[in-house]
Each structure stands twice: as structure tokens, then as C-alpha cells.
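> pasted the sequence and its predicted model underneath.
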Amino acid sequence: MRCLLFLLSLLLSLIATLFASFIMSKSKNHTAKNQNKKAHRNGLKRPTTHRFQSQKGRDAKFMKNLRFSKTGSRKAKLEAEKAK
């Protein structure tokens with residue numbers, strides 16, 4: 001009998017906590033108040049642009065060939081200027 005009363009009280013307390021969580025739920029989850037002012041306080045900055053894009057992660061075979069082609073075209077350009 002005592003065990004049954006204990007289980008019944010436990011069940012009632014569980015139901016009460018579930019209903020309390022539904023009743024006392026938050027209604028407001030997000031606000032953007034003051035965020036725009038904070039963002040503009042020091043001015044919105046554009047991302048910095050670089051003169052040359054990074055070659056990190058490029059195909060190694062392609063990069064090696066690119067170096068060889070640059071030196072070859074430089075030599076050809078010098079020879080063409082000497083011929084003139």
C-alpha cells in the first residue's frame with residue numbers, strides 16, 4: 001500500500017513538473033536590439049582585398065609547370081628583344 005502511494009505521488013509530481021514547464025515557457029527567443037548600433041560604432045569594415053590570391057592548396061604539378069613556363073617565356077621575351 002505504501003509503495004502504491006509513493007508511486008502515485010511520484011507520478012503526480014512528474015505530471016506537475018511537465019505542466020509547469022509548459023506554462024512557464026519563454027515567449028521571446030531573440031532580439032536584435034542595439035546590435036546595429038554596436039556594429040556601426042567603429043564603422044563597418046570591408047574585408048581586405050589582396051593583390052595576389054594565395055597558391056596554398058593548389059595542385060603541386062600545376063604550380064611546378066607554371067614556374068617553368070614563366071622562366072621559359074621570360075627567356076623567349078629577352079631573345080626577341082635582342083633580335084630587334
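Received the coordinates, thanks. Please read these numbers as outputs of a predicted model, since none were measured by experiment. Numbering: from 1, shown residues only.
> what about the helix or strand hosting Ile15, distance to the chain center?
Per DSSP states H and E, Ile15 falls inside helix 2-23. Counting by Cα atoms, centre = their mean, to the nearest Å, helix 2-23 is centred 44 Å from the centre of its parent chain.
> and for stretch 60-76?
Centre-to-centre, stretch 60-76 and its host chain are 36 Å apart (Cα atoms, centre = their mean).
> low-scoring stretches of the chain, by residue?
18-25 (pLDDT under 70).
> where do the strands sit along it?
Here the chain has no strands by DSSP state E.
> from the chain's centroid, how far away is the longest helix seen in the chain?
Taking DSSP state H as the criterion, the chain has its longest helix at helix 60-83. In this view, helix 60-83 has its centroid 40 Å away from the chain centroid, taken as Cα atoms, centre = their mean.
> same check on stretch 28-36?
21 Å.
> any idea how far Arg51 is from Thr71?
According to Cβ to Cβ, to the nearest Å, Arg51 stands 21 Å off from Thr71. The way it works is simple: take the backbone N, C-alpha and C, and place the C-beta from them, glycine included.
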